[in-house]
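# Starting from these lines, generate the structure:
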Amino acid sequence: MRARRFVALGDSLTEGVGDPVGEGWRGWAALLADGLAPPDAPVEFANFAVSGAQTRDVLERQTPAALAGRPDLASVVIGVNDTLRCTFDIHAVAGRLDEVYAAFTGQGAVLLTACLPDPGAMLGLPGALARPLARRQRAVNAVVHALSERYGAVHLHAAEGDWVDDRAMWSADRLHPGERGHRQLARHFHALLAGAGLATGPVPGAEPEFPGPTRSASLWWLATAGTGWVARRCTDLLPQLLTLAASEVRHRVRGTSARLDLGASRAVAAALAGLAGGPEGVGG
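Residues are numbered from 1 along each chain as shown. Below is the predicted model:
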C-alpha cells in the first residue's frame, strides 16, 4: 500500500512555533498527520513551512519542493506576515495564492486552508494601530475564503471563536498557539477531514503532553526574544503603520471611517476579479 503523502506549507504557525518538542517544533500539522490514517497505515509527512514566510516564499520556494513529492494532501496556511510588511498588496497576495492552490489541486491533491486571527488584536495594540492590521487581515481572509471555495479546499474558519479569546491556547508571544492551541487546530482540521472521509485515524488529543511555560519564563521570553521579534518587524512596518494610524484618526474625527473599509472591500473584489478566469466561481 502506497503511503498517503501530506505536505504542509506556510510560516511559523505551521512550522510549529509555540509547540516545542525536544530541540525543535512540532505543531498542528504534525499532530494532524498522526490522525490521518490508522496506526497500521503509512503516512508520509513533510513540513516545508518556515518562520517569517510570506505568500511569495510559499509560491517560489515551498511549493516547487512540495509538489515534487506528489502529495495527496497539502495544507497552505499563510498571509499574516504579508500583513505585517510595508509592501502589503492584496492583489499580489491573491495572485500568489491562486497560483499555489491551482498547482496542488491540478495534481489532484486535497487542499487544506484556514483564515487566521487579526495579529493586532492578538498583540493588544491600541485601536488606531490595530485597525489597519485588522483591515489587512480581513482582506487576506476574504481572499482565502473565496479561493478556497473556488478550488474546493477543506477550509477551517480559525479567525474567530472561543479558542481565539482563550489565553490558555496561546504561547508567551501572543501570536502563536501553545501546545493546547496547536492541538485545537489539529482537532478542528481532523473533524473536517473525517467528515469528508479523508481522515480515518485517531483524533489528536486535546490535552497537552508537556507543561506550558511559567509566567516568569513567558516574561523572560518577551523581554529577550520577544523584544527582538518586535524590533525586526517595526523596522519594516512601523513608519507605514504610524501613517496608517494617523489616517485612521483623521477619518474617525471626520466620521468617515467607513470609507477605509469600503476601499479595502473594493481592493479585494478587484484582486479576485483580476485573477485568471475572472470572478466566476469565486465566492465571498
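# Buried by neighbour count: which residues of stretch 59-71 qualify?
For stretch 59-71, the neighbour count (16 or more other C-beta atoms under 10 Å) marks Leu59, Gln62, Thr63, Ala66, Leu67, Pro71 as buried. No exception for glycine: its C-beta is placed from N, CA and C like everyone else's.
# Leaving out the residues flanking it, which one is nearest to the fourth one?
By that I understand Ala66. Spatial nearest neighbour of Ala66, excluding adjacent residues (C-beta to C-beta, 6 or more residues apart in numbering): Val7 at 4.2 Å.
# Bridge partners for that neighbour, pull those for me.
Beta-bridge pairing of Val7 under DSSP bridges involves Ala46, Ala74.
# What's the local residue count around it?
Counted with other C-beta atoms under 10 Å, the neighbours of Val7 add up to 28.
# go on, Val80?
23.
# same check, this time on Gly178
Gly178 has 22 neighbours, counted by other C-beta under 10 Å.
# Just the pLDDT for the closest residue to it other than its chain neighbours.
For Gly178, ignoring the flanking residues on the chain, the nearest one in space by C-beta to C-beta, 6+ apart is Ser171 at 4.4 Å. Confidence at Ser171, expressed as pLDDT, is 84.
# Return the subset of the buried residues of stretch 59-71 lying in strands.
Among these, no member is found in strands (DSSP state E).
# Now tabulate those residues in JSON lines and tack on distance to Gly152.
Listed next are the buried residues of stretch 59-71 as JSON lines, based on distance: C-beta to C-beta, whole Å:
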{"residue": "Leu59", "distance to Gly152": "20"}
{"residue": "Gln62", "distance to Gly152": "21"}
{"residue": "Thr63", "distance to Gly152": "18"}
{"residue": "Ala66", "distance to Gly152": "19"}
{"residue": "Leu67", "distance to Gly152": "18"}
{"residue": "Pro71", "distance to Gly152": "16"}
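# Tabulate these (a markdown table), appending pLDDT.
Conversion of the buried residues of stretch 59-71 to a markdown table gives the following (pLDDT from 0 to 100):
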| residue | pLDDT |
| --- | --- |
| Leu59 | 98 |
| Gln62 | 98 |
| Thr63 | 98 |
| Ala66 | 98 |
| Leu67 | 98 |
| Pro71 | 98 |
